[in-house]
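> Sequence plus predicted model, see below.
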Protein chains: 2
Amino acid sequence: MHPNPIRVLVVDDHPIVRHGLLALLRYEPGIEIAGDAADGEAAVAAVLATTPDVVLLDLRLPYLNGVEVMIKARAQGSTARFLVLTTYDSDDDIQRALAAGAQGYLLKDVSPDELFNAIRAVMRGGAPLEPSVAARLLARAHDHPNDELSVRELEVLQCMVRGDSNRAIALTLHLSENTVKTHISHIFAKLSCQSRAEAVAIALQRGLVQFSM
Amino acid sequence: MHPNPIRVLVVDDHPIVRHGLLALLRYEPGIEIAGDAADGEAAVAAVLATTPDVVLLDLRLPYLNGVEVMIKARAQGSTARFLVLTTYDSDDDIQRALAAGAQGYLLKDVSPDELFNAIRAVMRGGAPLEPSVAARLLARAHDHPNDELSVRELEVLQCMVRGDSNRAIALTLHLSENTVKTHISHIFAKLSCQSRAEAVAIALQRGLVQFSM
DNA sequence: TTATGAATCACTCTTTTGGGTGATGAAGGC
DNA sequence: GCCTTCATCACCCAAAAGAGTGATTCATAA
């Protein structure tokens, strides 16, 4: 019927979501399932083994996250197109995914039809972006001109989320307490907040750091 | 083939998850789809209109949350069994869902087969509980004998998550700063933590308070 | 009735935070 | 070569947070 079906690899760690996606795609004409994977390492292996046209990729995965999967698969010669499909619309995730060369970014609250269309669009070379995601990127560009947290700042932030005091952070990161304070000041400025409690809330909301308890 | 299929209503606000579940259930023998709903109010209406045997219910829904759906549907005479299926394993959610009479509680990382089995178990009168969920409940009973936060403490906690200082909290809640400090001390004791940053992280993780930004 | 727990507040004291300023070396872009 | 960013640290200082203790009112449960 469809001479050249689009071969899709589904990567998601939640079995229900993964199987749900597979069940949705299975009966969609013009789309063929190349395989599925439940974690980052399996995803890289599957991309290389099955050479899909499009990879439906969740960002939060065990072992390797979505961005790492893209980078690793590319490094090993894959030419698959990556369509990020995630629950999270955290600014940082979007930014990183697009920077790593994701062809499209969809939130999991799209309808199946929108998903099918996005897959076809990616295949045609288009770059589907959720309107809400696009809006968020614009808003981000507006509100937060250029305030990406540095790696070190993220490490400090991670400690803050654990409830560590400045001294404790200094000890775990082998810094002086003064340096920790400086980092925290910068974090406050970049997140536009004034207390560590608020910084923690923002960090968790935006998904800048993960829960660790 | 199956003389008395189990009629299942699927309630989830994410279209992909909802349609994924529908696609999974559609081809499972012995299970029939009674309908689906994407928000709390539609869910109550659908429960009453379609009288399903089992309702697969997400907890976080627009308009009415899952617990409210259960209560409201029951109040209007529904005898459906509710199987909570959610991404979140926050203690509070579980507690509330079970208190409201959910027959079972599954996390979304179960496999389709486990899901099917859980649906059949609920139908037979069983009460499937994720092992991890059960463990969590036990751990909760162990670690936190009786440390529910009071209403007032939750209000204070909500302010803390917004990054409010003690003085700001005192102003918004019409308290003295000393009282706020007392509440916060009690909150720390009940959450077994020592700093407001940690309290904020715990509160958000357990779903004691919602993001508000 | 007594006990218990929630909510309210005061007072003291120490520690922690957070702001401000300034400085230095290393890395990378133009 | 210059400029920027990052990471590192120091010093000062005011404000906020947190621990500890004690006390009152009120409602509810034993």
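Good, I have the coordinates.
> got the CA positions of the biggest helix by length in chain A in CSV?
Secondary structure assigned by DSSP state H gives helix A:177-191 as the longest helix of chain A. Coordinates of each C-alpha in helix A:177-191 appear next as CSV, following Å, rounded to 0.1, in the frame of the first residue of the first chain:
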residue,chain,number,x,y,z
GLU,A,177,32.8,28.9,51.3
ASN,A,178,33.4,32.2,49.6
THR,A,179,33.4,30.7,46.2
VAL,A,180,30.2,28.8,46.9
LYS,A,181,28.6,32.1,47.9
THR,A,182,29.8,33.7,44.6
HIS,A,183,28.3,30.9,42.6
ILE,A,184,25.1,31.2,44.5
SER,A,185,24.9,34.9,43.9
HIS,A,186,25.3,34.2,40.2
ILE,A,187,22.6,31.5,40.3
PHE,A,188,20.2,33.9,42.0
ALA,A,189,20.9,36.5,39.3
LYS,A,190,20.4,34.1,36.5
LEU,A,191,17.2,32.6,37.9
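> Would you mind listing the buried residues in it?
For helix A:177-191, the neighbour count (16 or more other Cβ atoms under 10 Å in any protein chain shown) marks A:179-180, A:183-184, A:186-188, A:190-191 as buried. C-betas here are computed from N, CA, C, even on glycine.
> Tell me the first helix or strand C-terminal of the worst-scoring helix or strand of chain A on mean pLDDT.
For chain A, using mean pLDDT, DSSP states H and E, the weakest element among its helices and strands is helix A:131-143, scoring a mean of 50. Once helix A:131-143 ends, the next helix or strand along the chain (criterion: DSSP states H and E) is helix A:151-161.
> quick one: the residue nearest to residue A:81 when sequence neighbours are not counted from residue B:178, how far?
Using Cβ to Cβ, 6 or more residues apart in numbering or on different chains and skipping residues adjacent in sequence, the residue nearest residue A:81 is residue A:103, 4.5 Å away. Distance of residue A:103 to residue B:178, computed by Cβ to Cβ, to the nearest Å: 57 Å.
> Equivalent analysis for residue A:173, please.
For residue A:173 relative to residue B:178 (Cβ to Cβ), the value is 35 Å.
> repeat for residue A:117
Plainly put, residue A:117 is 59 Å away from residue B:178 if you go by Cβ to Cβ.
> swap in residue A:7?
Remark: distance between residue A:7 and residue B:178 (Cβ to Cβ) = 66 Å.
> In chain A, what residue spans correspond to helices?
Assigned helices in chain A, in chain order: A:15-26, A:40-50, A:66-75, A:91-99, A:112-123, A:131-143, A:151-161, A:166-173, A:177-191, A:196-206 (criterion: DSSP H).
> Next, format the ones you listed as a markdown table and append distance to DNA strand C.
Converted to a markdown table, these look like this (distance: least, Cβ to the nearest atom of the strand, whole Å):
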| stretch | distance to DNA strand C |
| --- | --- |
| helix A:15-26 | 38 |
| helix A:40-50 | 26 |
| helix A:66-75 | 17 |
| helix A:91-99 | 14 |
| helix A:112-123 | 29 |
| helix A:131-143 | 18 |
| helix A:151-161 | 8 |
| helix A:166-173 | 3 |
| helix A:177-191 | 5 |
| helix A:196-206 | 4 |
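> which one of these has the most crowded surroundings?
helix A:196-206 (a mean of 23; mean count of other Cβ atoms under 10 Å in any protein chain shown).
> rewinding a little: rank the helices of chain A by mean pLDDT and give me the bottom one.
By mean pLDDT, the lowest-scoring of the helices of chain A turns out to be helix A:131-143, with a mean of 50.
> does residue A:160 really touch residue A:201, like I thought?
No - using Cβ atoms under 8 Å, residue A:160 is not in contact with residue A:201, being 10.8 Å away.
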